[in-house]
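*Asks:* need the 3D shape of this:
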Amino acid sequence: MDIIISNASGEPIYSQIVSQIKTMILDGRLNEGDPLPSMRNLAMQLRISVITTKRAYEELERDGFIESFTGKGSFVKAQNKELYREEQLKKIEELLTAAGEKARHCGVSLEELTEMLGLVYGGE
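*Replies:* Numbers count the residues shown, from 1 in each chain. Next up, the predicted model:
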């Protein structure tokens, strides 16, 4: 499993692991029932603490992406892609809320903000 950790990123290491594994699952690079490396092996591969990999696996399990069995390991769980989509929509909504507040404070009109979003999104 190819996970790339960036120390320059402001994102915590466990969060980088979680997002990359989620992406691999949703892209189909990891399929239902596929085993994940043990927490200890992943920590050794990435040269990080086992506590960090444990936190990442716990979050993946809590979010319904993997399931863990004592003595057997962690495996990719059957996915509900709609659940992931909802999670992403919530994050987008938070970012747009912040952008809307910033625009209001700077005197940017809704029309200007909509035009900016269209340009950023790739529209005309």
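
*Asks:* now the worst-scoring helix or strand of the chain on mean pLDDT: buried residues?
*Replies:* Between all helices and strands in the chain, the lowest mean by mean pLDDT, DSSP states H and E belongs to helix 81-106, at a mean of 88. Buried residues in helix 81-106, counting neighbours by 16 or more other C-beta atoms under 10 Å, are found at Y84. Every C-beta, even on glycine, is put in place using the N, C-alpha and C of the backbone.

*Asks:* packing partners of that helix?
*Replies:* helix 13-27, helix 110-121 (3 or more C-beta pairs under 8 Å, 6 or more residues apart in numbering; DSSP states H and E).

*Asks:* redo those as JSON lines? Include mean pLDDT.
*Replies:* Converted to JSON lines, the helices and strands packed on helix 81-106 look like this (pLDDT from 0 to 100):
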{"stretch": "helix 13-27", "mean pLDDT": "92"}
{"stretch": "helix 110-121", "mean pLDDT": "92"}
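
*Asks:* just those helices: most buried one?
*Replies:* helix 13-27 (a mean of 18; mean count of other C-beta atoms under 10 Å).

*Asks:* need the contact partners of that one.
*Replies:* Helix 13-27 has contacts (C-beta atoms under 8 Å, 6 or more residues apart in numbering) with 1, 3-6, 9, 11, 30, 36, 42, 46, 48, 52-53, 55-56, 59-60, 63, 65-66, 76, 79, 81, 84.

*Asks:* that older thread, can you add distance to L96 and give the helices and strands packed on helix 81-106 back as a markdown table?
*Replies:* Output for the helices and strands packed on helix 81-106, formatted as a markdown table (distance: least, C-beta to C-beta, whole Å):
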| stretch | distance to L96 |
| --- | --- |
| helix 13-27 | 20 |
| helix 110-121 | 8 |
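
*Asks:* domain assignment for the chain?
*Replies:* 13-76, 81-121 (automatic domain parsing).

*Asks:* and the longest one, how far from the chain's centre?
*Replies:* Remark: domain 13-76 is offset 12 Å from the chain centroid, using C-alpha atoms, centre = their mean, to the nearest Å.

*Asks:* now the shortest one
*Replies:* Its chain's C-alpha centre and that of domain 81-121 lie 19 Å apart, by C-alpha atoms, centre = their mean.
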